[in-house]
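**Student:** sharing a sequence plus its predicted fold:
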Amino acid sequence: MFYTRRSILKAISISALATPMAGCMTSQSGWFNPTSSIDAANLSPSAASIVAGDMVAKLSEHVGAGTGTIALKADDSEFALALENSLRGWGYAVAEIDQQPTGDAIIPLAYTIDSDAGQIFARLTTPTVELARTYQATPSGASPTSPVSVLTRTV
């Protein structure tokens, strides 16, 4: 059977997203660490804005738009800046996880952004939901290349 490079890369992308999430499904505690956000892709400002905007829109579908304070351990990457701006645009308050935010509706959030062969892999994780999606880097930024993978948990 003949496989194209594109179909092989697509299968690898899906496996790369599904494997970490499958491991999380069996864990009862200790799996979530909101202090471990990383942007290994070093996205351009336009790609970071597109990916962050899309992922926050999907996140708001699962946790409710503007329903609390997002506790975020961010870095100085383009994605971290775009994510914070997008969260605020959706009505969330944003606090650094190190500031020990208090209140009834604190939502710890971690993210992972990585890339390989022009594909961008994005994942947002909270204690109750994990979202993952792949994007294709384009000259104008990025465009989604997969459906959103949603893993929900009960805490």
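**Tutor:** All right, it came through fine.
**Student:** all contacts plus neighbour counts: C-alpha atoms, from now on.
**Tutor:** Will do.
**Student:** contacting residues for the closest residue to P45 other than its chain neighbours?
**Tutor:** Once flanking residues are discounted, P45 sits nearest to E78: 5.6 Å by CA to CA, 6 or more residues apart in numbering. When contacts are counted by CA atoms under 8 Å, 6 or more residues apart in numbering, E78 touches 42-45, 48.
**Student:** what about those residues, which one has the most neighbours?
**Tutor:** The residue in the contacts of E78 with the most neighbours, by other CA atoms under 10 Å, is A48 (23 neighbours).
**Student:** pretty sure S44 is touching P139, no?
**Tutor:** No. Counting by CA atoms under 8 Å, S44 does not reach P139; the two are 9.8 Å apart.
**Student:** what's the overlap in contacts for those two?
**Tutor:** Joint contacts of S44 and P139 (CA under 8 Å, 6+ apart) do not exist.
**Student:** okay, the residue nearest to P45: pLDDT?
**Tutor:** Per-residue pLDDT puts E78 at 92.
**Student:** can you tell me how far it sits from S49?
**Tutor:** 8 Å (CA to CA, to the nearest Å).
**Student:** which SS state does L43 fall under?
**Tutor:** coil (DSSP: H, G, I helix; E, B strand; the rest coil).
**Student:** contacting residues for T67?
**Tutor:** Here T67 is in contact with 91-92, 105 (CA under 8 Å, 6+ apart).
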